[in-house]
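J.: Sequence first, then the predicted structure, then my questions.
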Amino acid sequence: MKRTLAFAAVALTTAGVALAHPHFNKTVTATLPGSVEAKITYNTTPANEQRATDAAVGEFVTPRGPVLDLSGELKAGSATVPAGQYTIGVVKNSAKDWTLALYPGRLGRGEKADAAKVIRLDSMYSEDEGTAHHMLIDITPGSGKFEGKAVLTLHFGSLFLAGLLS
């Protein structure tokens, strides 16, 4: 009887895990102009727009601390980004305006960023790119005012940001 109960508990646990919504680690790598290698590592966390709504204006927010590693310095529009590792995040300018930003090093879960160290990228914000149910981060060719440039993109729920990298 004990074996049957143990087997049933294992079977139910396994079925629950098998049916659970998958979240996994992703890595995106690109070679940018100037032969700078950029590598992004992040987790496909669910898009929780309530967190975005609750963020204070001016606050650097990073869902699960995605990281950008750069092999060399980038001149990214008005920003210069030295080689190194950065936490990817956003800064809330208002309810309908955000800026893509980088923070030197890795921020621990719940750790607050020193606002003086945040590197704000020239950004384009949109809510017209559909909905990403899980966070999506990529490096893509830019469009509009970023045509012909490399951009870092972050799509989280209905929030879509492109930040200039070259």
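T.: Nice, I can see it.
J.: By mean pLDDT, which helix or strand of this structure comes out lowest?
T.: helix 2-19 (a mean of 44; mean pLDDT, DSSP states H and E).
J.: Mind telling me what element R51 is part of?
T.: Here R51, judged by DSSP states H and E, is contained in helix 49-54.
J.: just to revisit the earlier point, starting from the least confident helix or strand of the chain, tell me the next helix or strand along the chain.
T.: Next along from helix 2-19, by DSSP H and E: strand 25-32.
J.: now the following helix or strand past that following strand and strand 25-32, what's the angle there?
T.: Next helix or strand after strand 25-32 toward the C-terminus (DSSP H and E): strand 36-43. Relative orientation of strand 36-43 versus strand 25-32 (axes from the mean of the first three to the mean of the last three C-alpha atoms, to 10 degrees): 160 degrees.
J.: what's the average pLDDT for strand 36-43?
T.: For strand 36-43, the mean pLDDT works out to 96.
J.: Pairing partners for that strand, with directions?
T.: Using DSSP bridges, strand 36-43 pairs in its sheet with strand 25-32 (antiparallel), strand 67-70 (antiparallel).
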